[in-house]
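>>> below are the sequence and a predicted model for it; my questions follow.
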Amino acid sequence: MRLSRCCAAISVVTLVMAGTGCQIIPDRGLSCPATDLIRTGFNTEPRVRLGCYPTDTLGTLFLGRNLGSHGYYYTPFEKDGMVYTCRGGHIDITHLRIAADWAAYLVTEAYERLMKDDPHFSFGLAVDRSTNHVHISYPENWTQLPPEKRAAVAKEVALAVGPYLSYTMTTWHEILTWFGFKCVGVATEFPSAFSWEDSYSNLLGTIIAGRALHDTEHSYDEAITIALDEEMERLGIQSAHAAKRASARVKGKWFTGSVLFFVDVKKRNFDIGLSDGMVTPTMLNTISRCADAEPLSYPVPNLDVLEKYGFSLQMEIEPHEWERNAILAVAYPDPEQRQKRIDPTVHFTRIMDHVKQEAARKYGEAVFAHPDIAAQQMTANSQ
């Protein structure tokens with residue numbers, strides 16, 4: 001998936017006419033502690049960023065330990081590209097930042113809706129055309145709770161909802177890309193659909209956002225920068241040279257080609273946490289200093305806390321892309337029962353089974369990023 005490869009990075013500021021000039025209004029989230037941002041919110045949705053493949057090809061920027069400082073809005077000090085870690089394999093820092101910012105934004109959006117007792121809101125990535133609908137059912141006594149209690153519960157619930165929505169949305173983009181979606185309608189992005197680092201990077205971004213939003217001392221950008229650096233050290237981040245070398249050593253096996261948009265990626269990671277609620281990274285085992293490292297799996301976001309307080313939430317995806325009919329046909333095999341929306345809790349398993357079967361026919365066993373019993377069984381059945 002390349003959420004923003006085909007879109008230029010945008011700097012977003014708010015201008016208000018004041019007399020004969022303009023006054024720049026600072027974003028509410030740049031100065032207050034990150035945890036306060038849940039209540040105050042952002043001025044706009046997250047910006048787009050330029051992405052790249054995990055391949056040793058022209059157009060891929062490999063990074064080391066210095067990842068710069070995060071910027072929800074544009075900052076020249078932010079570094080985006082591909083890193084390699086001993087316990088997480090390649091990680092797309094661009095995707096991580098996108099997923100983190102969307103998770104944080106959706107936490108603030110969910111909090112606002114909960115405090116207003118809104119039953120529905122919608123959102124969507126700028127590079128997609130799908131609309132994500134969120135339906136919330138409230139406990140009977142919600143409006144009767146004291147304001148302080150409502151705020152505390154809304155904050156806890158929102159901190160679960162934001163990462164869940166962000167991870168589901170970025171996973172949906174992977175699905176769209178597999179079915180042929182092109183964000184500018186020109187070059188195919190199929191080689192990047194579920195590429196070996198994508199889902200893991202997206203998931204890690206939501207986890208880092210959740211951690212940052214608990215920070216009571218630093219601003220959001222600072223909190224993300226700190227949490228990202230800490231997690232990269234935990235994963236065993238390597239130099240930019242090592243990241244590039246790790247990718248180069250699987251050229252011809254995991255991918256072919258030397259220039260962006262002319263790359264064929266064979267190695268994919270279809271683990272989105274459907275079987276055990278965890279996502280396991282792809283390990284290359286080509287860096288000597290990482291030889292004894294064990295992969296670090298992360299849990300996917302869940303909504304368990306909603307039941308604790310008597311809430312329920314349903315997310316529906318309404319696709320508007322050209323590929324929608326092909327995806328809906330997989331989600332609803334019976335034409336008479338076919339609807340226009342995707343329920344991730346029901347249809348992602350069916351769609352992913354279809355994707356894995358297609359991948360097995362196209363690439364064989366080489367496509368699967370790590371041992372996957374279900375995938376191996378489907379591959380055997382297709383032979």
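It's in.

>>> what are the buried residues along stretch 326-333?
By neighbour count on 16 or more other CB atoms under 10 Å, the buried set for stretch 326-333 is Ile327, Leu328, Val330, Ala331, Tyr332. Placement of C-beta: from N, CA and C, glycine included.

>>> stretch 104-122 too?
Of the residues in stretch 104-122, 104-115, 121 count as buried by neighbour count, 16+ other CB under 10 Å.

>>> restricting to C-alpha, output it in PDB.
Backbone C-alpha positions of stretch 104-122 (Å, rounded to 0.1, in the frame of the first residue of the first chain) are rendered in PDB as follows:
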ATOM      1  CA  ALA A 104      -4.800  10.400  16.900                       C
ATOM      2  CA  TYR A 105      -7.200  12.500  14.700                       C
ATOM      3  CA  LEU A 106      -9.900   9.800  15.000                       C
ATOM      4  CA  VAL A 107      -9.400   9.600  18.800                       C
ATOM      5  CA  THR A 108     -10.200  13.300  19.000                       C
ATOM      6  CA  GLU A 109     -13.100  12.900  16.500                       C
ATOM      7  CA  ALA A 110     -14.600  10.000  18.500                       C
ATOM      8  CA  TYR A 111     -14.200  11.900  21.800                       C
ATOM      9  CA  GLU A 112     -16.100  14.900  20.400                       C
ATOM     10  CA  ARG A 113     -18.900  12.700  19.000                       C
ATOM     11  CA  LEU A 114     -19.200  10.800  22.200                       C
ATOM     12  CA  MET A 115     -19.500  14.000  24.300                       C
ATOM     13  CA  LYS A 116     -22.200  15.300  21.900                       C
ATOM     14  CA  ASP A 117     -24.000  12.000  21.900                       C
ATOM     15  CA  ASP A 118     -23.800  11.700  18.100                       C
ATOM     16  CA  PRO A 119     -24.800   8.400  16.700                       C
ATOM     17  CA  HIS A 120     -22.900   8.600  13.400                       C
ATOM     18  CA  PHE A 121     -19.900  10.200  11.800                       C
ATOM     19  CA  SER A 122     -17.900   9.400   8.600                       C
END
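
>>> other residues contacting it?
Surrounding stretch 104-122, the residues in contact under the criterion CB atoms under 8 Å, 6 or more residues apart in numbering are 37-42, 45-46, 72, 123, 131-138, 142-143, 150-151, 154-155, 157-159, 161-163, 165-166, 209-210, 212-213, 220, 224.

>>> low-confidence stretches in the stretch 201-350 of the chain?
In the predicted model of the stretch 201-350 of the chain, no residue satisfies pLDDT under 70.

>>> please enumerate the strands of it.
Remark: strands assigned in the stretch 201-350 of the chain by DSSP state E, counting those that start in this stretch are 255-256, 264-265, 278-279, 298-299, 312-318.

>>> among the ones you listed, which comes closest to Thr286?
With CB to CB, the closest approach to Thr286 among those belongs to strand 255-256: 13.9 Å.

>>> the closest one packs against which elements?
Where contact means 3 or more CB pairs under 8 Å, 6 or more residues apart in numbering; DSSP states H and E, strand 255-256 is packed against strand 264-265.

>>> re the thing from before, mind checking which of the strands of the stretch 201-350 of the chain is nearest Ser288?
Of all the strands of the stretch 201-350 of the chain, it is strand 255-256 that lies closest to Ser288, at 22.1 Å by CB to CB.

>>> wait, doesn't Gly101 sit right on Ala209?
You called it Gly, but residue 101 is Asp. Yes. Here Asp101 lies in contact with Ala209, judged by CB atoms under 8 Å, at a distance of 7.3 Å.

>>> distance-wise, check the residue nearest to Ala326 when sequence neighbours are not counted relative to His347.
Nearest-residue entry for Ala326: Phe179, 5.5 Å, with adjacent residues in sequence omitted and distances by CB to CB, 6 or more residues apart in numbering. Taking CB to CB, to the nearest Å as the measure, Phe179 falls 13 Å from His347.

>>> in helices, which of the contacts of stretch 104-122 appear?
When helices are assigned by DSSP state H, the members of the contacts of stretch 104-122 inside them are 37-40, 150-151, 154-155, 157-159, 161-163, 165-166, 209-210, 212, 220, 224.

>>> and Val134, how close does it get to Arg113?
Counting by CB to CB - Val134 and Arg113 are separated by 8 Å.

>>> now Ala359
From Ala359 across to Arg113, the span is 38 Å (CB to CB).

>>> what are the buried residues along stretch 122-134?
So stretch 122-134, judged by 16+ other CB under 10 Å, has buried residues Phe123, Gly124, Leu125, Val127, Asp128, Arg129, Ser130, Asn132, His133, Val134.

>>> the fourth one should be in a strand, yeah?
Meaning Val127. No. Assessed by DSSP: H, G, I helix; E, B strand; the rest coil, Val127 does not belong to a strand; its assignment is coil.
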